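> predicted coordinates and the sequence they were generated for:
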Amino acid sequence: MRYFLLSIFPSLCLLCVAPLPTHAQTAEETCAQIGQTNGAQSTICGAVSGALQTDARAPSNGPVSAEVEESHIFFTRGGTSLDEGARAQLTALVAVLNTDLMRTACLRLIGHSDSSGGRATNDALALKRATTVGDVLRAGLDDPSRVREVISAGESQPLPDLPSVSPQNRRVEIRAKTCS
């Protein structure tokens, strides 16, 4: 089974992983579905709402799609530490992943870097970024083994329509699939 981008802000469009949805849902529809399934609507939607108020978006250096902003954690140049916005984004994600609706979701984390610096350095940096995100997710998940893959793409997969040195390429991509 293929991994899909896991997106929780603002549309929550890929949160119904049991099975993965065939259409986008609004935040309100997803919150209602989560609330109906496990009664956690106010907790989950409150976490998402709080994370939305903390701007954990990509550094500005050209436009990126909402899907990219929603499904990636961004880092500073050479950085592997999470800022407050990224931590809020991951806290909301953990809360959603721990609901009954999402208990079958397994994750693949793909670390990326921009192209400033050497290839080997960028590969190691991207892996460290993915490991940092994985550590936070594992610490919060009811079942830490759901973080199945933590890998590095280094500088090899820059975002479309952006230069390879763009700050938006310093990121961890979060993908999900139904666990087998």
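All right, it came through fine. As the structure is a prediction and not an experimental result, all values here were calculated from the model.
> and the helices in the protein, which stretches?
Under the criterion DSSP state H, the chain carries helices at the ranges 27-38, 41-53, 66-71, 84-97, 119-140.
> which of the ones you listed comes out lowest on mean pLDDT?
Lowest mean pLDDT within the helices of the chain: helix 41-53, at a mean of 40.
> and the pLDDT at L5?
pLDDT for L5: 67.
> now do F75 against S152, distance only.
The spacing between F75 and S152, counted by Cβ to Cβ, to the nearest Å, is 13 Å. In this view, the C-beta of every residue, glycine as well, is placed from N, C-alpha and C.
> I meant to write T80 there.
Counting by Cβ to Cβ, the gap from T80 to S152 is 12 Å.
> quick one: end-to-end length of stretch 148-159, please.
End-to-end distance for stretch 148-159, by Cα to Cα, to the nearest Å: 23 Å.
> other residues contacting that stretch?
For stretch 148-159, the external contacting residues (Cβ atoms under 8 Å, 6 or more residues apart in numbering) are 64, 68, 106-115, 119, 122-127, 130-131, 134, 164, 166, 168-169, 173, 179.
> what's near enough to touch S81?
For S81, the contact set (Cβ under 8 Å, 6+ apart) comprises F75, T132.
> now it: phi and psi?
phi -90, psi 150 (degrees, to the nearest 10).
> residues touching L82, list them.
Applying Cβ under 8 Å, 6+ apart to L82 gives the contacts I73, F75, L90, T132, V133, V136.
> excluding chain neighbours, what is closest to the fifth one?
Spelled out, it's V133. In space, and not counting its chain neighbours, V133 is closest to V172: 4.5 Å by Cβ to Cβ, 6 or more residues apart in numbering.
> please apply the same query to the fourth one.
Nearest non-adjacent residue to T132, counting by Cβ to Cβ, 6+ apart: T80, 5.3 Å away.
> these two touch, right, the one you found and L125?
Yes. Counting by Cβ atoms under 8 Å, L125 is a contact partner of T80 at 6.9 Å.
> which one's more surrounded, these two?
Neighbour totals were compared for T80 and L125, and L125 leads with 24 against 19 (other Cβ atoms under 10 Å).
> mind checking how far the more buried one is from M102?
According to Cβ to Cβ, L125 stands 30 Å off from M102.
> gap between the two ends of stretch 146-162?
Terminal residues of stretch 146-162 lie 32 Å apart, using Cα to Cα.
> so the residue nearest to H72 when sequence neighbours are not counted bridges to which residues?
Distances taken as Cβ to Cβ, 6+ apart put R171 closest to H72, at 4.3 Å, once the chain neighbours are dropped. Judged by DSSP bridges, the bridge partners of R171 are F74.
> brilliant, that's me finished.
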